[in-house]
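Undergrad: sequence first, then the predicted structure:
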Amino acid sequence: MPLDENDAGYLMDMLLAGRKVQRFVRGLPADVFAKDELHRMAVERAFEVIGEAARSLSAEFRAQATQLPIIAMIGLRNVIAQGYADVDYLRLHQIATIDVPHMIRVLESLLRESSEP
């Protein structure tokens, strides 16, 4: 799928933030994460970046990128930014450890495909 420069930039932002999420939760059990304010806030910020970048993707790209849960990414960002008192940190850890690795693989593939001649 050809990418315009803006979409490629947003995908790279998402990829870098996703890698940060992985680094922030590596080796951290969910119950420890849920009580660790520093790691929680770092992960929340990275998810905000992912959601903002996802929201900024062009409508054309979003229509074609069915392998990315763009609406869910935006929704998670909204919960963190607007409903911060209701964040379920055990669920956030689950997303970070299960969903983010898949997202990273998809983003890497999309960016790699777009750079091939």
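TA: Looks like it arrived, so ask away.
Undergrad: what bits of this protein have low per-residue confidence?
TA: Residue ranges of the chain with pLDDT under 70: 1, 116-117.
Undergrad: can you tell me which residue is spatially central in it?
TA: With distances taken as CA atoms, centre = their mean, residue 50 lies nearest the centre of the chain, 4.0 Å away.
Undergrad: quick one, what contacts that one?
TA: The neighbours of residue 50, taking CB atoms under 8 Å, 6 or more residues apart in numbering as the test, are 13, 14, 17, 18, 21, 73, 76, 77, 103. Placement of C-beta: from N, CA and C, glycine included.
Undergrad: can you do 6 Å?
TA: Taking CB atoms under 6 Å, 6 or more residues apart in numbering, we find residue 50 in contact with 14, 17, 73.
Undergrad: secondary structure element for it?
TA: helix 37-56 (DSSP states H and E).
Undergrad: with residue 24 instead?
TA: Going by DSSP H and E, residue 24 is in helix 5-25.
Undergrad: helices and strands around that helix, which ones?
TA: The contact analysis (3 or more CB pairs under 6 Å, 6 or more residues apart in numbering; DSSP states H and E) places helix 5-25 against helix 37-56, helix 100-115.
Undergrad: tell me which residues are up against that helix.
TA: 39, 42-43, 46, 49-50, 53, 56-58, 61, 96-97, 100, 103-104, 107, 110-111.
Undergrad: that older thread, quick one: buried residues of the helix holding residue 50?
TA: 39-40, 42-44, 46-54 (16 or more other CB atoms under 10 Å).
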